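Visitor: Model the following, please.
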Amino acid sequence: MNILSIQSHVAYGHVGNASAVFPMQRLGVEVWPIHTVQFSNHTGYGSWKGRVFDGPAIEDLVEGIGERGVLSQCDGVLSGYMGSADIGNAILGTVAKVRAANPDMLYCCDPVIGDVGRGVFVRPGVPEFLREQAVPAADILTPNQFELNYLSGIETQSNDALKRAISAVHELGPKVILVTSVETGETPAGSVDLVVGDGGRFWSVRTPKLLVNVNGAGDAIAALFFVHYARSRSAVTALVEAASSIYGLLKRTEAAGAREILTVAAQDEFVSPTYRFQAEEI
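Guide: Next comes the predicted model:
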């Protein structure tokens, strides 16, 4: 399997492609990474060095890959944080090129917009671009609960509201939607849910809530879910596998008191999770 991953990248730590590429490789996937930014570290540290690339830079790299005659062998495109609509247009142009070469490819969009407590943190125009252009082009979408609320216009304070919100976003285009970091009035204290919607049915995996504050977990789970879904074509299987792996990864990160996810040290969690969870239909 070959996946083209278009995301930000950091030299130190694990966010964007630095969080998503290695888990996919550990699962036996050939990854073709294209970086939208190259920073020394993630911006959560308050200071960083590096530069942001523009849309033409991404298009140039994709053109070069295309000249190798391999776009027909690309099984999917994964995108994460979009720094601007310019980059977003380059990503969607890439999706169109790959789809023309391989109609069976899948596009997984992680619609990074914001989060609970932080609100919207992307540049003006990006949320609208995602909702109006990127989301309709996606086969698979992996928003967190805050992003689902934004995209659907529905506040998801109950499971019924959550299902209505997922259904509303299905209407925009994506067939499969994984919602991360879910906490409704029906989520017990000390727990967090991951919920997937596919074909009008919904399943949830509930895990203990960990006291860990790291960046990049969303990038990793989007990559894991994408690979498992692309292989199995089962949203439930992908949910269980991704949830089990990400919990083990974060559990070991919490135990170590690490500031960065232990992507390398805990790599066995990607192929043989320590903890196994079951999905329940909701």
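Visitor: Which parts of the stretch 151-282 of the chain are strands?
Guide: Secondary structure of the stretch 151-282 of the chain by DSSP state E, counting those that start in this stretch: the strands cover 176-182, 191-198, 201-208, 280-281.
Visitor: Let me see the ranges of the helices in the stretch 151-282 of the chain.
Guide: 159-170, 217-232, 235-256, 268-271 (DSSP state H, counting those that start in this stretch).
Visitor: would TSV of the strands of the stretch 151-282 of the chain with distance to residue 79 be doable?
Guide: Yep, even glycine has a C-beta here, placed from its N, CA and C like the rest. TSV is the format used below for the strands of the stretch 151-282 of the chain (distance: least, CB to CB, whole Å):
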stretch	distance to residue 79
strand 176-182	15
strand 191-198	19
strand 201-208	24
strand 280-281	29
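Visitor: winner for burial among these?
Guide: strand 176-182 (a mean of 24; mean count of other CB atoms under 10 Å).
Visitor: Can you name the residues in contact with that one?
Guide: Contacts of strand 176-182 with the rest of the structure, by CB atoms under 8 Å, 6 or more residues apart in numbering, involve 115-116, 139-146, 148, 156, 162, 166, 169-170, 192-198, 204, 218, 221-222, 225, 229, 235, 238-239, 242.
Visitor: Just the buried ones from the residues you listed, in PyMOL syntax?
Guide: Filtering the contacts of strand 176-182 down to the buried ones (16 or more other CB atoms under 10 Å) takes a single PyMOL command:
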select buried, resi 139+140+141+142+143+144+145+146+148+156+162+166+169+170+192+193+194+195+196+197+198+204+218+221+222+225+229+235+238+239+242
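Visitor: How much space separates the closest residue to residue 13 other than its chain neighbours from residue 223?
Guide: Leaving aside its chain neighbours, residue 13 sits nearest to residue 260 (4.4 Å; criterion: CB to CB, 6 or more residues apart in numbering). For residue 260, the distance to residue 223 equals 17 Å [CB to CB, to the nearest Å].
Visitor: one step back: could the helices of the stretch 151-282 of the chain go into a markdown table alongside mean pLDDT?
Guide: Shown next, in a markdown table, are those (pLDDT from 0 to 100):
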| stretch | mean pLDDT |
| --- | --- |
| helix 159-170 | 97 |
| helix 217-232 | 98 |
| helix 235-256 | 98 |
| helix 268-271 | 98 |
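Visitor: want to throw these into TSV with distance to residue 281?
Guide: As requested, the helices of the stretch 151-282 of the chain are exported to TSV (distance: least, CB to CB, whole Å):
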stretch	distance to residue 281
helix 159-170	11
helix 217-232	17
helix 235-256	9
helix 268-271	26
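Visitor: Of those helices, which is nearest residue 81?
Guide: Closest approach to residue 81 among these is made by helix 217-232 (8.2 Å; CB to CB).
Visitor: what about the closest one, distance to the chain center?
Guide: 7 Å (CA atoms, centre = their mean, to the nearest Å).
Visitor: Output it in PDB, but only the C-alpha positions, please.
Guide: Output of helix 217-232 as PDB, limited to C-alpha atoms (Å, rounded to 0.1, in the frame of the first residue of the first chain):
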ATOM      1  CA  ALA A 217      -2.100  12.500  18.900                       C
ATOM      2  CA  GLY A 218      -4.800  13.500  16.400                       C
ATOM      3  CA  ASP A 219      -2.300  13.200  13.500                       C
ATOM      4  CA  ALA A 220      -1.400   9.700  14.600                       C
ATOM      5  CA  ILE A 221      -4.900   8.400  15.100                       C
ATOM      6  CA  ALA A 222      -6.000   9.800  11.700                       C
ATOM      7  CA  ALA A 223      -3.100   7.900  10.000                       C
ATOM      8  CA  LEU A 224      -3.800   4.700  11.900                       C
ATOM      9  CA  PHE A 225      -7.500   4.700  11.200                       C
ATOM     10  CA  PHE A 226      -6.900   5.500   7.500                       C
ATOM     11  CA  VAL A 227      -4.600   2.500   7.100                       C
ATOM     12  CA  HIS A 228      -6.800   0.100   8.900                       C
ATOM     13  CA  TYR A 229      -9.900   1.200   7.000                       C
ATOM     14  CA  ALA A 230      -8.100   1.100   3.600                       C
ATOM     15  CA  ARG A 231      -7.000  -2.500   4.300                       C
ATOM     16  CA  SER A 232     -10.200  -3.800   5.900                       C
END
